[in-house]
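*Asks:* Sequence plus predicted model, see below.
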Amino acid sequence: MSGKVQLSDEEWHKRLTPQQYEVLRNRGTERAFTGAYAHSKEQGVYRCAGCGAPLFSSDTKFESGTGWPSFYQPLSNEAVTTEADTSYGMIRTEVECAACGGHLGHVFDDGPAPTGLRYCINSVSLNLEQSK
């Protein structure tokens, strides 16, 4: 993808399901263990459900036991952005799609080697493009 995806609120409403809109645009979250990719073992590339940008590879997905898909690194440093999130009285690091600014989840420093990171991502913010 080239350039930043910028749509009006009306366009986002048309493009996304209500749950996708709540997570991607309103920074919501899906309930743990309910997402389609929480336990998925399929191989492929996880793309942003909002804009289609490639975000994560199934090669970096791991079982974290948290109830959300977890990855130890994004496809590239340019795929996602992070910023401080102090909502709900917590200090966390929010993960966003770099292409459209959609909320994906949060990243924590309790993941496996080689990065030690756990990108805890909402299934509803992803679409899996399975390997052929």
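*Replies:* Looks like it arrived, so ask away.
*Asks:* And the strands in the protein?
*Replies:* Here the chain has its strands, by DSSP state E, at 44-48, 54-57, 61-62, 70-71, 80-85, 92-97, 103-108, 118-121, 126-130.
*Asks:* residues in contact with the last one?
*Replies:* By that I understand strand 126-130. Under the criterion C-beta atoms under 8 Å, 6 or more residues apart in numbering, residues 37, 40, 42-49, 52, 54-56, 58, 69, 104 lie in contact with strand 126-130. For the C-beta atoms, the positions are set from N, CA and C on the backbone; glycine is no exception.
*Asks:* Select only the buried ones of the residues you listed in ChimeraX?
*Replies:* Written as a ChimeraX command, the selection of buried residues from the contacts of strand 126-130, which uses 16 or more other C-beta atoms under 10 Å, is:
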select :37,40,44,45,46,47,48,49,54,55,56,58,69,104
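*Asks:* Quick check: buried residues in stretch 14-29?
*Replies:* For stretch 14-29, burial by neighbour count (16+ other C-beta under 10 Å) applies to 15, 16, 19, 20, 21, 22, 23, 24, 25, 29.
*Asks:* next one: stretch 114-129
*Replies:* So, applying 16+ other C-beta under 10 Å, buried residues of stretch 114-129: 117, 118, 119, 120, 121, 122, 123, 124, 125, 126, 127, 128.
*Asks:* Tell me if I'm right that residue 42 and residue 61 touch.
*Replies:* No: under the criterion of C-beta atoms under 8 Å, residue 42 makes no contact with residue 61, lying 9.6 Å away.
*Asks:* Please report how far residue 90 lies from residue 108.
*Replies:* Separation of residue 90 from residue 108 (C-beta to C-beta, to the nearest Å) stands at 11 Å.
*Asks:* Settle it for me: which of those two has more neighbours?
*Replies:* Neighbour totals were compared for residue 90 and residue 108, and residue 108 leads with 16 against 8 (other C-beta atoms under 10 Å).
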